[in-house]
Structure formats: C-alpha cells, structure tokens
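**Student:** I need the structure of the sequence given here:
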Amino acid sequence: MAKDRDLVEGALRGDQGAFERLLNRYKRLVVHIVHRMIANESDAEDAYQEVFMKVYEALPRFRLEAKLSTWIGKIAYNTCINHLNKKRELLFDDLLPDDRPVDSLLKNHSRPDNQVEGADLAKRVEAEIKIMPVQFRTILTLYHLESMSYREIGEVINLPEGTVKSYLFRARKLLKHRLLAKYGEEELRP
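**Tutor:** Residues are numbered from 1 along each chain as shown. As a prediction, this is how the structure comes out:
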C-alpha cells in the first residue's frame, strides 16, 4: 500500500490515480465527520463534495511532515462548521408563519417501541448522538469511530487536548443520561 506521502507527491505531480487513492483512503473519515455534523442527507452530500474539492485545492500547501488524516479531518470539520453557520443564519432569518423560531421544528423525536435488540440499540444510540451538540458528536466520532488521539482531535477542531478530554467525558455522560432517561436501564441491556 502506498504511503500518504507518496500519494500526496503523486497528486501534486498531476497523477489523478494517486489523488483518487488518497480520496478512497480518507473517504470513511470524511463521511463520519460530515454525517455526524450535518443531518440533512442532501446537505451532507454537498459538504462531502466540498471537503474533497478543498483538499484538492489546498494539497499544495500540505506540509508533508504533518499527519494527513488530521489535516483532512480539520478541513472536513471546518467545512461542516461553515455550512452549519450558513444554515443557522438562514434559519434565524426566516420565522414560521406563527412567528415561532425554526428551532422548534427540529424537535422530532417520538418514543420508539419498547423492544430493544442489538441492531435496534445501535440505532437508538445513533439517533441520540445525532441530536447532541456538534462538538460532542464530532469528538465521539473521531475518538470512537476513527480512533484518533486526544491530541489529533484537538488539532482537527482547534481545541486544547484537555478540553477534548473534558468534552469527551461530558459527551459520554450526556449520551448515557439521555439513553437512560428515554429508554430506562432494563431496556438498554444487551
């Protein structure tokens, strides 16, 4: 398997195959970040495309001594934050006909069946993660699904390592609290 450095150098020389292999190698990372941060499938697809366009455009500025996964993760995170900020501006500019803020539309959680099996439990956990604050979702994804270190996560989302640890602890605590409150301890046992 080609090293990141070789793929970057090949892509910089104009080798389209090298860039495609680079995209394939980090596709999962970008998909995890984008889909954790942006719930709307169409918006997520747009952001996903934008991330790789930005990677292509910024590749000449990549420092070869840096870790490529962290650099691409940072681009994905920042792209999603920019996208969410634009969406938030649009949401707050528009009010519902009865003058309720659009935020009230975002509460769409109905209580599912009381039967929980392995796959169903995973879906419930996933659903709860989707409604957590963006930084919590992102940190949980990068730590648990991408196996990034606290330092790497901090580099991606521009936070000190200690803050990342604190947010991860708080995210886990919040997730556990929400799951227990919504489903109860008995229902969550495997």
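**Student:** buried residues in the longest helix anywhere in the chain?
**Tutor:** Of all the segments of type helix in the chain, defined by DSSP state H, the longest one is helix 68-93. Going by neighbour count (16 or more other Cβ atoms under 10 Å), the buried part of helix 68-93 is 68-77, 79-81, 83-84. No exception for glycine: its C-beta is placed from N, CA and C like everyone else's.
**Student:** do stretch 163-178 as well
**Tutor:** T163, V164, K165, Y167, L168, A171, L174, L175, R178.
**Student:** just so I have it, where are all the helices in the chain?
**Tutor:** Ranges of helices in the chain, per DSSP H, are 4-12, 16-37, 41-58, 68-93, 118-130, 134-140, 150-157, 161-183, 185-188.
**Student:** would you single out the least confident of those helices?
**Tutor:** For the helices of the chain, the weakest mean pLDDT is recorded on helix 185-188, namely a mean of 69.
**Student:** I'd guessed C80 sits against H35; true?
**Tutor:** No. Counting by Cβ atoms under 8 Å, no contact exists between C80 and H35, whose distance comes to 9.6 Å.
**Student:** the longest helix of the chain packs against which elements?
**Tutor:** For helix 68-93, the elements it packs on are helix 16-37, helix 41-58, helix 134-140, helix 150-157, judged by 3 or more Cβ pairs under 8 Å, 6 or more residues apart in numbering; DSSP states H and E.
**Student:** mind giving me the domain ranges of the protein?
**Tutor:** The chain breaks down by automatic domain parsing into domains covering 4-93, 109-185.
**Student:** ok now the longest one, how far from the chain's centre?
**Tutor:** What that stands for is domain 4-93. 11 Å (Cα atoms, centre = their mean, to the nearest Å).
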